[in-house]
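Novice: got a structure for you, letters missing:
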């Protein structure tokens, strides 16, 4: 562990991409405060900052594991850019949700599919998808299923999951990533469609 602490960011990224999870723990410890402070400075909401922070490191994990990190010597700038882009995405989404149309065309509120409860068929399909997902989740390894259930069914943050399970945030993030990848793979292998 002490040897890892002496490594540069790029050396740690390389080590992590070859399977050394402790290398990412060091990167996380090294940069978590500055990344979180930047996010909080912009969004000014603790819970939202924590969510964007977690998404930032999940995205970093995915990009590194897929070999898409090419920023030699610039890890801090790279991780900050990921956080910045996620913040922009959040504000764009908020803006789109709050946009009021000023079109001159009349809106037929009575026949708008987006405003109705949905058909019986839609409800049945949603129930089937939910059932399929629950079955797929039951086939996950215990550690992945535990993190996924805590995150999606109990609404816990990765920090809370880390505290409850006694593993690092990085390990919890990794387990979540693998859980999602495994569910997608099982759905694909069994020709299960998980979208409407």
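Specialist: Noted; the coordinates are in hand. These figures come from a predicted structure and were not determined experimentally. Numbering: from 1, shown residues only.

Novice: Number of residues surrounding the nearest residue to residue 71 once chain neighbours are set aside?
Specialist: Distance criterion CB to CB, 6 or more residues apart in numbering; nearest residue to residue 71, sequence neighbours excluded, is residue 78 at 4.2 Å. Where C-beta positions appear, they are placed from N, C-alpha and C, glycine not excepted. By the criterion of other CB atoms under 10 Å, residue 78 has 18 neighbours.

Novice: One more: residue 172?
Specialist: Residue 172: 26 neighbours (other CB under 10 Å).

Novice: And for stretch 147-165, what's in contact with it?
Specialist: 50-51, 54, 137, 140, 146, 168-169, 171-173, 175-176, 179-180 (CB atoms under 8 Å, 6 or more residues apart in numbering).

Novice: can you do 10 Å?
Specialist: 47, 50-51, 53-55, 57-58, 133-134, 137, 140, 143, 146, 167-180, 182-183 (CB atoms under 10 Å, 6 or more residues apart in numbering).

Novice: all helices for this protein, in order.
Specialist: With DSSP state H as the criterion, the chain has helices at 2-5, 9-17, 21-43, 46-65, 75-97, 120-138, 142-148, 158-165, 169-189.

Novice: Dump those helices to CSV, plus mean pLDDT.
Specialist: CSV is the format used below for the helices of the chain (pLDDT from 0 to 100):
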stretch, mean pLDDT
helix 2-5, 83
helix 9-17, 91
helix 21-43, 91
helix 46-65, 91
helix 75-97, 88
helix 120-138, 80
helix 142-148, 90
helix 158-165, 88
helix 169-189, 87
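
Novice: Now do the residue nearest to residue 71 against residue 125, distance only.
Specialist: Applying CB to CB, to the nearest Å, the value for residue 78 to residue 125 is 40 Å.
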